[in-house]
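Student: Generate coordinates for the sequence data below:
(chains A and B)
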Amino acid sequence: MQRRSYELWSALGAMVAITLLYLWAIARLDAVPPAGDLFGHGLGIIGFFLMLTTETLYSLRKRSRRARWGRMSSWLRFHIFTGLVGPYLVLLHTSFKFNGLAGIVAALTIVVVLSGVVGRYIYTAVPRTADGVVVEAAELEGQIAAAEADLQRWLAGQPEADQRLAQRLAALPAAGGVGPPSVLGRTFLEWDNRLAWGRERGQMAAMDKARARELDRLLSRRRSLRRQVASLAAARRMLATWHTVHIPIGMVLFTAAFVHIGAAIYYATLLK
Amino acid sequence: MNKPIGCLSRSGLAAALLALVVLVGVGLVRGGRLFSPGPLNSQAGGEPVGGVHSHAETGGRCSACHVAPWSSQTMADRCVVCHTNIAAQMGDPTSLHGVVMASGQDQPCYACHPEHRGEDAPLTTLDPGTFPHQATGYSLEGHQQMASGAPFACTDCHADDLTLFDPARCAGCHRGLDAATMQAHESAFGSDCLACHDGLDTYGASFDHAQTAFPLAGRHAPLACAGCHQGARTIADLRAAPQDCVDCHQADDAHDGQFGQDCAACHTPDDWEQATFDHNQTAFPLTGGHAQVACQDCHLDGVYQGTPRDCVACHDDPVFHRGLLGSECASCHDSTAWSPARYERTHTFPINHGESGPSPCRTCHPVALSDYTCYGCHEHEPADIERKHREEGISDFQDCVGCHPTGQKDEGGED
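Tutor: Numbering: from 1, shown residues only, chains lettered A, B, ... in the order given. This is a model prediction of the structure:
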């Protein structure tokens, strides 16, 4: 699993840069750049191109395991980057006028982006290797056992606190529930678990920072693995369900977008 | 490939097909409204034009205005189908649309009359960057930016109606730029700015008259423009301002035209008085004693032309001459002084008859040329002359030259 969200920060940076450019255009024109002028059209064309790459490149790479052009995680990052920046450009292209089909396309774009955000959240609930291969439950159980053994080894090295720590750790709540809430609400569950662990630590004897950090890491690892194994089936079901919704919405979006582009060319670009 | 990508999955293709069907259906039912980028103008005019009171009433009939890209028609062709009055204006060079058409600018109607901007949005928006404003008779060449550097907007010059213009708008801005110049300008040329200005001139603070063919030097510098450019109404008029001195200074000519029209031959723009007239370039160079004579002594009453050049016109024949030598003074005198004179005519009695060279006239003619005397010269004393002549028995000896025509010593003694 990828723990750091470089793609999100990159997308945020790109959107800030685009926003500054857009503000410069507003200052220069003394108005919001209309969708039909050079600048507005440019935003729309680049944005739609990025959305097209979002829709196609990652899917092609995901299904083409023979042609391993780059790691899946990199393609996913690119997919997320273009999936955020492209729609943002399209949103600016609208000049914030949502009339007719163009407005529908803009609205669908927002829906697809939001859906994509939800999809990524579900996606990250399913543990994968760096190449995007799903880690199965049996393997997860093995990882949990290894994590448990790591924790016990660490505890064995702490003779004076061994007994009390073992009791405290046994008293911690379960890693999470089952079903969709365990997937969609895992962030909240994690916060709840951390709060509980924090409360336990508050009652424990003082521990130096290095030991506390190591214990925290071991517990977090065990907790995460337990939650993943508990929600794995639900997450896979939800991801499949999400696909059945997201893809049709995306196809509706692209169909409407192509019609919009055709109409814009017919009625505006080729206007004489 | 294990399975088709998402967009080619059954659900994806079905969704795309369904979306297409819905869009086509909506298009069939609602017309082109689906593709409208914004509401059409719904401001109702008076009489219906083309069967509707406003563009909004055309509904989803996009083809009422839009033409297919492959059609030989243009959108303007569709416009004039309804707006027949505009079609008529296009052929009238005195109308706004007529001058735009005559300008040769190939501007489509929608360049100035954009649509789909809202029911209440104005239907006329002129982009100063593309509108052929010069076709109206006034170019925006000199009005690209205001003094602040900000670009001009239509409303900076026009009020609500872009087809109307109040010249007071000009003065309003230009007084703010240079009140004194503007006041003088209005006093000289009036307030109807467009009567003279076509927008192409850039005359203003940066204008340098010294770069023209007529630099403003001396007392020309502080003059008001209208002092020379009287009645100028165009750049051509300004450039056609007369440049000859007499065009403006005819009335100032103290010489009443006697010196011709080349004032600059003697005068500069600094001052009339500081003339640099060179009399030596005339037919009567001022030499000798003439050089110190005041102009008025010769040119009486300011009359310069026709001033006589003969000596006797100014100089009376002296009594001494007794009228014997005529008026050709210069034959004996020059302008340096009357005396000494040179006498080169025939003189019956040798002027140079003695040993001391030519004698001055008054040696022999002490009173006038009509009389002479030999006394007072040499040894000619009256008593001595009388005694010598009486010794010879000559009693009539008063007319010396009668017996001594050449004045030689022994002349007459043998007669």
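
Student: Distance check, the residue most central in space within chain B against chain A.
Tutor: Compute the mean C-alpha point of chain B, and by Cα atoms, centre = their mean the closest residue is residue B:241, 3.7 Å away. For residue B:241, the distance to chain A equals 42 Å [Cβ to the nearest Cβ, to the nearest Å]. Every residue, glycine included, has its C-beta placed from N, CA and C.

Student: That residue should be in a helix, yeah?
Tutor: No - under DSSP: H, G, I helix; E, B strand; the rest coil, residue B:241 sits outside any helix and is assigned coil.

Student: Please, which helix or strand holds whichever residue of the stretch 1-150 of chain A sits closest to chain B?
Tutor: With Cβ to the nearest Cβ, the shortest gap between the stretch 1-150 of chain A and chain B falls at residue A:59, namely 3.8 Å. Assigned by DSSP states H and E, residue A:59 belongs to helix A:38-63.

Student: helices and strands around the helix or strand just after that helix, which ones?
Tutor: Next helix or strand after helix A:38-63 toward the C-terminus (DSSP H and E): helix A:72-93. When contacts are defined as 3 or more Cβ pairs under 8 Å, 6 or more residues apart in numbering or on different chains; DSSP states H and E, helix A:72-93 packs onto helix A:6-29, helix A:38-63, helix A:100-123.

Student: So for the helix holding residue A:59, mean pLDDT?
Tutor: For helix A:38-63, mean pLDDT is 88.

Student: same check, this time on stretch A:215-235
Tutor: pLDDT averaged over stretch A:215-235 gives 77.

Student: Which positions in that stretch come out as buried?
Tutor: A:215, A:218-219, A:221-232, A:234-235 (16 or more other Cβ atoms under 10 Å in any protein chain shown).

Student: from those, which ones fall inside helices?
Tutor: Mapping those onto helices (DSSP state H) picks out A:215, A:218-219, A:221-232, A:234-235.

Student: for the chain, what are the low-confidence residue spans?
Tutor: If you meant another chain, say so; for now it's chain A. A:1-4, A:65-67, A:129-135, A:137, A:140, A:158-178, A:203-211 (pLDDT under 70).

Student: You answered for a different chain; I wanted chain B.
Tutor: For chain B (pLDDT under 70), the answer is B:1-6, B:128-130, B:201-207, B:233-234, B:354-355, B:378, B:409, B:412-415.

Student: what residues does it put near chain A?
Tutor: By Cβ under 8 Å from any Cβ of the partner chain, the residues of chain B that approach chain A are B:1-7, B:9, B:11-16, B:18-20, B:23, B:32-39, B:62, B:66-69, B:74-75, B:108, B:110, B:116.

Student: from these, which would you call buried?
Tutor: Applying 16+ other Cβ under 10 Å to those flags B:5-7, B:9, B:12, B:15-16, B:19, B:23, B:32-39, B:62, B:66-67, B:110, B:116 as buried.

Student: Please name the residues that touch the closest residue to residue A:76 other than its chain neighbours.
Tutor: Of all residues not flanking residue A:76 in the chain, residue A:58 sits nearest, at 6.4 Å (Cβ to Cβ, 6 or more residues apart in numbering or on different chains). Residues in contact with residue A:58 (Cβ atoms under 8 Å, 6 or more residues apart in numbering or on different chains) are A:75, A:76, A:78, A:79.

Student: likewise residue B:23?
Tutor: Contacts for residue B:23 (Cβ under 8 Å, 6+ apart) come out as A:101, A:255, A:256, A:259, B:34.

Student: from what I can see the second one touches residue B:16, true?
Tutor: Yes - in this structure, residue A:255 sits in contact with residue B:16. The criterion is Cβ atoms under 8 Å, and the distance is 4.5 Å.

Student: how many neighbours does residue B:148 have?
Tutor: For residue B:148, the count of nearby residues is 6 (other Cβ atoms under 10 Å in any protein chain shown).

Student: Give me the phi and psi angles of residue B:151.
Tutor: Note on residue B:151: its backbone torsions stand at phi -70, psi 150 [degrees, to the nearest 10].

Student: oh sorry, the question was meant for residue B:268
Tutor: Main-chain torsions, residue B:268, degrees, to the nearest 10: phi -120, psi 170.

Student: ok, back up a step: quick check: the two most widely separated of the contacts of residue A:58?
Tutor: A:76 and A:78 (7.4 Å; Cβ to Cβ).

Student: what touches both of those two?
Tutor: With Cβ under 8 Å, 6+ apart, residue A:76 and residue A:78 have common neighbours A:7, A:58.

Student: ok, back up a step: could you check the helix holding residue A:59 and say which residues are buried?
Tutor: A:39-41, A:43-44, A:46-48, A:50-51, A:53-59, A:61-62.

Student: List the contacts of the residue nearest the centre of chain A.
Tutor: Taking Cα atoms, centre = their mean, the centroid of chain A lies closest to residue A:120, which sits 3.6 Å from it. By Cβ under 8 Å, 6+ apart, the contact list for residue A:120 reads residue A:80.

Student: What parts of the stretch 101-250 of chain A come near chain B?
Tutor: Taking Cβ under 8 Å from any Cβ as the criterion, the stretch 101-250 of chain A approaches chain B at residues A:101, A:102, A:243, A:244, A:246, A:247, A:248, A:249, A:250.

Student: Just the buried ones among those, please.
Tutor: For these, a neighbour count by 16+ other Cβ under 10 Å gives the buried set as A:101, A:102, A:243, A:246, A:247, A:248, A:249, A:250.

Student: Max pairwise distance over those residues: which two?
Tutor: For those, the maximum inter-member distance is 27.5 Å, found between A:102 and A:243 (Cβ to Cβ).

Student: Domain parsing of chain B, as residue ranges.
Tutor: Chain B resolves into domains spanning B:36-117, B:172-198+B:223-254, B:289-345, B:349-415 when parsed by automatic domain parsing.

Student: most neighbours per residue, which of those domains?
Tutor: Highest mean neighbour count among these (mean count of other Cβ atoms under 10 Å in any protein chain shown): domain B:36-117, with a mean of 15.

Student: Off-centre distance for it?
Tutor: Averaged C-alpha coordinates place domain B:36-117 at 49 Å from its chain's average position (Cα atoms, centre = their mean, to the nearest Å).

Student: One more: stretch B:349-363?
Tutor: Taking the mean of its C-alpha atoms, stretch B:349-363 sits 68 Å from the chain's own mean (Cα atoms, centre = their mean).

Student: And residue B:253, its phi and psi?
Tutor: The phi/psi pair for residue B:253 (degrees, to the nearest 10) reads phi -70, psi 110.
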